[in-house]
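Colleague: got a predicted structure here, sequence first:
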Amino acid sequence: MMVNERVTVITVTYNSKSFLQEYFESVFAADRSGLDLEVIVVDNGSSDGSAAWIREHYPSIRVVENDRNNYARALNLAIRESTGDFVVISNNDAKVRFGWLVALVFAAKSDARIGAVQSKILFSDGLKINSVGVTEIEQFYFKDIGFDEWDNGQYDQPRQVDYVTGGSLLLKRECLEDVGLWDEDFIMFMEDVDYSLRCRAKGWQLWCAPASVMLHRYHGSTSQELCEYLCTRNRFLFIAKHHPLRLPYSITASHFYKKGQMDLLYRTLLHAMRRLCLCHPSEVTLSVLDSLRKSLVETLGTISAHNFFSHLELLLGLRKIRVGIYDHACHFAGGGQRYVAEMAAIMQDRYEITYIANKDMDLASYKDWFGLDLSRCALKVIKIPFFEKRERFVPDEGMVLGESYNVFDLIAEESLSYDIFINANMLGKVNPLSLTSLFVCHFPDQPKGPFFQVDKYDQLIINGDYTGYWLEKRWGLASTHKLYPPVNMYNPASAAEEKENIILSVSRFEVSGSKKQYELVKAYIELCSKHPEAMAGWKFVLIGGSFPDNHYLELVRDAAGKAECPIEVRPNATVEETRDAYRRAAIFWHACGLEESRPEKVEHFGMTTVESMQNYCVPIVIDGGGQREIVEQGECGFRFSTVEELQEYTLRCVTDTVLRQRLGQRAYERSHRFSCEVFREGVETILGEMERELLGQDVL
């Protein structure tokens, strides 16, 4: 008794449920004389329920689910599962005629040298030709033979071709085992051209069998735009793999180049060059690199050409990712500095981190200021002459108005040395020239002006909704991520029931007085004067960073020194001293934004408010800015608009111990929304996106 030869038909689905019934019915209705049919479907992550529908209606079909949307990978999954002597790869936005399958097998068996046979593919009307093979037209662009011609029988004789399409293609098992699996780097489109060349390199012939007919809905399951993109992308990959020395000379013929799509040109050329380096001997690679060095400056420009070769090092795994963190105020302890320092602490074991400063400083200070060890970060000090001449403690971009050049170009040039450049503290005039970039916006302090560069950053992080609102209103930009500041001032020794009669304020002693410590001192003195019995035994403590010759600090000290009630002013307290103050204090005051009409003068978030809440303090803070996102009125603290309200809420908490402890407990619970763990998760998400972009893992 003759044993039937087995044929495995493979098709890949991606949200193509509407095509499947007609396709399957035509396949199962096709002539199978002497053939044992196996059908395997690979689902590429459809969201239309394709896989479940197939299992329900066609239980004989084996369904394999791909873990990512990659057509070539899907083919390989099915090929590994297949058991046929012949494997047929087929589109499913189609139907086949009765003799489709037997004609393919007959042609394949007609000569032992034939490794692959494709059908005659017509458009769905059955009148015009889609493909009877594939041919090169020019400079590694390919087209279907007979495309859009009327089918008048002109291609009805079997013929050998140089390339076949994977729309309806039979492969002998021997050919598959000899040539190997499909190249998954192509993803989709031109993967069949690559496989054709590999077959011929192994001595296998490719044929078209016109007696096998498929009717195809052209671009039924893929868009024209995706086809054009992938064909242009994969052209570079094909050249790099098979004709490496031609790669530099193929750039100007690229559709990306002709359409001015330089970002796509850069990206696809980069990954093609990576493939070339991995596939060919060093002498070939060096020759191509030398040719590219001469042409890329002309094609992409000096900066992109520089980045190209640096980026290639990264893709080849020759070094770690380099990150440059620019903070023009990193020599000064503040919430913005802590925010990015927490990011640096997360990144420093993963990347090569360099802090870029404008003033002499030591990163060891961050240990004292914030309890953060940044010893694995390097430091580079770049002094900006414009501000050095003016003896500015912190560079102020608002001073750069009528200059004919951007004084921050020194920093822009430095950014070229990094794969990721992080502008850490809202300085909007620095042009990022790195491979990818991130702008941290605590608030858009300055209006758009000369040399505005923020719109050039790839990632734009905000610290809360208040900043996001003003970012859009003032700069016309939308953030890519919202990342609340990381706050980690938890103290195991803190408890709502074990507090001292201390009201605490923690804020920098800004020379502008924006944190309103002077007003708070006056408010406390007045509160004690009006309610001496209630306030008896209470003390007000003010902590914050400062710098030499700070006249505002002296103003606050002078006011406190003249008070008849106990007030302590403690500038530049260590992190441990601050932590202990939070542990002991029962109430926390914060007034940045009091009687301010300018939005930048209002507290943008309120890290110290959260620090107090992590230690069971009751926050009584200004009703504005980011404080509204932190403190729920009457639930875990109070928000005030006037000094009178501040005093009223404080008096309620002072005189009602039960209320104070209840609010302190709820403040502690709410503080978990702003913890370092939440921040770390956000940073990891952002870094993951940037890494995938840098390493091409998201690139089609």
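Modeller: All right, it came through fine.
Colleague: tell me which residues of stretch 573-590 are tucked away?
Modeller: 573, 575, 578-590 (16 or more other C-beta atoms under 10 Å). In this view, the C-beta of every residue, glycine as well, is placed from N, C-alpha and C.
Colleague: and that stretch, end to end?
Modeller: Using C-alpha to C-alpha, to the nearest Å, the end-to-end distance of stretch 573-590 comes out at 18 Å.
Colleague: off-centre distance for that stretch?
Modeller: Relative to its chain's centre, stretch 573-590 lies at 37 Å (C-alpha atoms, centre = their mean, to the nearest Å).
Colleague: mean confidence score for that stretch?
Modeller: On average, the pLDDT along stretch 573-590 is 95.
Colleague: go on, stretch 446-456?
Modeller: Regarding stretch 446-456, the rounded mean pLDDT is 91.
Colleague: export it as PDB, just CAs?
Modeller: Provided in PDB are the C-alpha atoms of stretch 446-456 (Å, rounded to 0.1, in the frame of the first residue of the first chain):
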ATOM      1  CA  GLN A 446      11.500  80.600  32.300                       C
ATOM      2  CA  PRO A 447       9.300  81.500  29.300                       C
ATOM      3  CA  LYS A 448      10.400  80.400  25.900                       C
ATOM      4  CA  GLY A 449      13.200  82.700  24.700                       C
ATOM      5  CA  PRO A 450      16.300  82.700  22.600                       C
ATOM      6  CA  PHE A 451      18.000  79.400  22.300                       C
ATOM      7  CA  PHE A 452      15.100  77.400  23.600                       C
ATOM      8  CA  GLN A 453      15.900  73.700  23.200                       C
ATOM      9  CA  VAL A 454      13.500  71.600  25.400                       C
ATOM     10  CA  ASP A 455      11.500  70.500  22.400                       C
ATOM     11  CA  LYS A 456      14.600  68.600  21.100                       C
END
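Colleague: would you mind listing the buried residues in it?
Modeller: Here stretch 446-456 shows Gln446, Phe451, Gln453, Val454 as buried, counting by 16+ other C-beta under 10 Å.
Colleague: quick one: the helices in the stretch 401-550 of the chain, in order.
Modeller: 409-415, 465-470, 517-530, 532-535 (DSSP state H, counting those that start in this stretch).
Colleague: closest one to Val27 among those helices?
Modeller: Taking C-beta to C-beta, helix 465-470 is the member of those nearest to Val27, at 53.3 Å.
Colleague: in the closest one, what's buried?
Modeller: Tyr466, Thr467, Gly468, Trp470.
Colleague: just the residues you listed now: which is nearest Val654?
Modeller: Looking across the buried residues of helix 465-470 and measuring by C-beta to C-beta, the closest to Val654 is Tyr466, at 29.3 Å.
Colleague: how much space separates the closest one from Ser168?
Modeller: Using C-beta to C-beta, to the nearest Å, Tyr466 is found at 59 Å from Ser168.
Colleague: then Ser512?
Modeller: Separation of Ser512 from Ser168 (C-beta to C-beta) stands at 74 Å.
Colleague: those two: who's more crowded?
Modeller: Ser168 (27 against 7; other C-beta atoms under 10 Å).
Colleague: so that one makes contact with Ala209?
Modeller: No. Applying C-beta atoms under 8 Å, one finds Ser168 not in contact with Ala209, separated by 9.8 Å.
Colleague: between these two, what contacts are shared?
Modeller: Residues touching both Ser168 and Ala209 (C-beta atoms under 8 Å, 6 or more residues apart in numbering): Leu104, Gln118, Ser119.
Colleague: what about the last one, neighbour count?
Modeller: Burial measure for Ser119: 32 neighbouring residues, criterion other C-beta under 10 Å.
Colleague: go on, Tyr418?
Modeller: The tally of other residues near Tyr418 (other C-beta under 10 Å) stands at 26.
Colleague: which residue packs closest to it, ignoring adjacent ones?
Modeller: Gly324 (3.7 Å; C-beta to C-beta, 6 or more residues apart in numbering).
Colleague: same thing with Lys359?
Modeller: His331 (4.3 Å).
Colleague: got the phi and psi for that neighbour?
Modeller: Dihedral pair for His331: phi -90, psi 10, per degrees, to the nearest 10.
Colleague: wait, doesn't it sit right on Met361?
Modeller: Yes. Assessed by C-beta under 8 Å, His331 is found in contact with Met361 at 3.8 Å.
Colleague: appreciated, that's everything.
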